[in-house]
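Asker: what follows is a predicted structure for the sequence shown.
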Amino acid sequence: MKKRLSKFLSMIMIAALIVTGFTGFTGGSKAYAAEGDTPLLIATAPALEAKVYVSISNKGDLVVRQQSVDVMDTDDDGALTISDALYCAHEKYYKGGAAEGYGAAIGQWGLGLTKLWGDESGNFGYYVNDVSSMGAGDPIKDGDYLNAYIYKDGTGFSDKYTFFNTHKIGLKTNAAKTFKLSYAGFDENWAPVTAPLKYAVIMINGDHTEIGTNKKGRFKLQFNQSGSYLISADHEEETIVPPTLIVFVQPEKGEVIEVKNKKYTVTKLGTVKTGKKGKVTFSKSANEGKEAPKTVDYAGVTYKVKVVD
């Protein structure tokens, strides 16, 4: 009985392979042998795509601030690269798109940038996850953080690349948290090194604050209002590439939040760190009879909406 069952299952599998071969089906894409040959089964990879968080600074001015970018293989080379990510970022955020603001070409050292944010000086740098890249053809993957910049000091290239010890974080209201700001450089042998950036001025949502880093590059933040905050930095003596940090301050249960001029009451908390979703209620009478969406995004969390009247 077992032998018959085994033989029967084997015949089913062979039949399935034959059908698959003649239809050219490979689980999402078609692959055929040369004309006149027996159709081949070829395993093909799914379409290349990734979500990358991109920041671009133009001579010290943050023009793209850790924005989410859906990256595709724009040059059909079979890989996702820094160039693909920057192309897609310009398509989404630059006026005129990538055709106007971005350019890349093969040079002596491989693929490199010829235009960034409309600038054709060639004075460009880029880091992935706060590590210097060798070229625009370097790989990029889902969840990476890409920081590209145009040097403010276009002759001495003295701009210091700076970065926080985290890219994004969720905090509760009135919870104090210590962060660290560092800069990347090179030693006398041109080996990469990092060190604390002392006496920098912390910026929140584009505004300078009275908060500064100490000798160890450390500083403390505390927020009494829920919402999303972009943290960056400036320096009176050093020319720096502005860093980015997104702080999501989570609302309290029962708190009324406002999203796109509509008010919601939080009934179940969500968190950034775990990706846990939350819930809110929406009152039409309290919103002048407006209709509610199914979900809303607030402070890094997606909340499911329940209409209560």
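Answerer: Arrived safely, thanks for sending.

Asker: rest of the way, CA atoms for contacts and neighbours
Answerer: Will do.

Asker: please, where are all the helices along the stretch 1-150 of the chain?
Answerer: Here the stretch 1-150 of the chain has its helices, by DSSP state H, counting those that start in this stretch, at 2-23, 82-93, 97-101.

Asker: of the ones you listed, which shows the lowest average pLDDT?
Answerer: Mean pLDDT values for the helices of the stretch 1-150 of the chain show the minimum at helix 2-23, a mean of 40.

Asker: which segments of this structure make up each domain?
Answerer: Domain assignment for the chain by automatic domain parsing gives 1-45, 49-158, 162-249, 251-307.

Asker: would CSV of those with mean neighbour count be doable?
Answerer: Formatted as CSV, these follow (neighbours: other CA atoms under 10 Å):
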stretch, mean neighbour count
domain 1-45, 12
domain 49-158, 18
domain 162-249, 17
domain 251-307, 16
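
Asker: return the member of those domains having the minimum mean pLDDT.
Answerer: When the domains of the chain are compared on mean pLDDT, domain 1-45 scores lowest, with a mean of 41.

Asker: thought K172 was touching Q250?
Answerer: Yes - if you go by CA atoms under 8 Å, K172 and Q250 touch, sitting 5.2 Å apart.

Asker: so what's the most centrally placed residue in the chain up against?
Answerer: The residue lying closest to the centre of the chain (CA atoms, centre = their mean) is Y53, at 1.4 Å. If you count contacts by CA atoms under 8 Å, 6 or more residues apart in numbering, Y53 has them with Q66, Q67, S68, V69, G143, D144, Y145, L146.

Asker: bridging residues for it?
Answerer: Beta-bridge partners recorded for Y53 (DSSP bridges): S68, Y145.

Asker: do V305 as well
Answerer: V305 has these beta-bridge partners by DSSP bridges: V280.

Asker: my guess is it contacts K279. True?
Answerer: Yes - here V305 reaches K279: they are 6.0 Å apart, a contact under CA under 8 Å.

Asker: OK, contacts around the residue lying closest to E49 once chain neighbours are set aside?
Answerer: Excluding its sequence neighbours, the residue lying closest to E49 (CA to CA, 6 or more residues apart in numbering) is M72, at 4.7 Å. By CA under 8 Å, 6+ apart, the contact list for M72 reads L48, E49, A50, L80, D84, A85, C88.

Asker: got a markdown table for these, with distance to K59 too?
Answerer: Output for those, formatted as a markdown table (distance: CA to CA, whole Å):
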| residue | distance to K59 |
| --- | --- |
| L48 | 32 |
| E49 | 30 |
| A50 | 28 |
| L80 | 27 |
| D84 | 22 |
| A85 | 20 |
| C88 | 21 |
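
Asker: from those residues, which two are the most distant?
Answerer: L48 and C88 (13.3 Å; CA to CA).

Asker: what secondary structure does T209 sit in?
Answerer: Secondary structure state of T209, per DSSP: H, G, I helix; E, B strand; the rest coil, is strand.

Asker: residues in contact with it?
Answerer: T209 neighbours (CA under 8 Å, 6+ apart): V201, I202, M203.

Asker: what's the spacing between G60 and E238?
Answerer: To E238, G60 is 11 Å away according to CA to CA, to the nearest Å.

Asker: overlap in contacts of those two?
Answerer: Here G60 and E238 share no contacting residue, scored by CA under 8 Å, 6+ apart.

Asker: show me what contacts the residue nearest to V256 when sequence neighbours are not counted?
Answerer: Excluding the flanking residues, the one nearest V256 by CA to CA, 6+ apart is T265, at 4.4 Å. Residues in contact with T265 (CA under 8 Å, 6+ apart) are G254, E255, V256, I257, V280, T281, F282.

Asker: can we see that at 6 Å?
Answerer: Taking CA atoms under 6 Å, 6 or more residues apart in numbering, we find T265 in contact with G254, E255, V256, V280, T281.

Asker: what touches both of L48 and C88?
Answerer: Overlap of the contact sets of L48 and C88 (by CA under 6 Å, 6+ apart) is empty.

Asker: among the contacts of T209, which are in strands?
Answerer: Using DSSP state E, the members of the contacts of T209 that fall in strands are V201, I202, M203.

Asker: could you dump the residues you listed into a markdown table and include distance to G96?
Answerer: Formatted as a markdown table, the ones in strands among the contacts of T209 follow (distance: CA to CA, whole Å):
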| residue | distance to G96 |
| --- | --- |
| V201 | 34 |
| I202 | 32 |
| M203 | 29 |
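
Asker: tell me the one of these nearest G101?
Answerer: Nearest to G101 among these is M203, at 27.2 Å by CA to CA.

Asker: list the contacts for the closest one?
Answerer: By CA under 6 Å, 6+ apart, M203 lies in contact with T209, I231, S232, A233.

Asker: kindly report the same for L80.
Answerer: D73, P139, I140.
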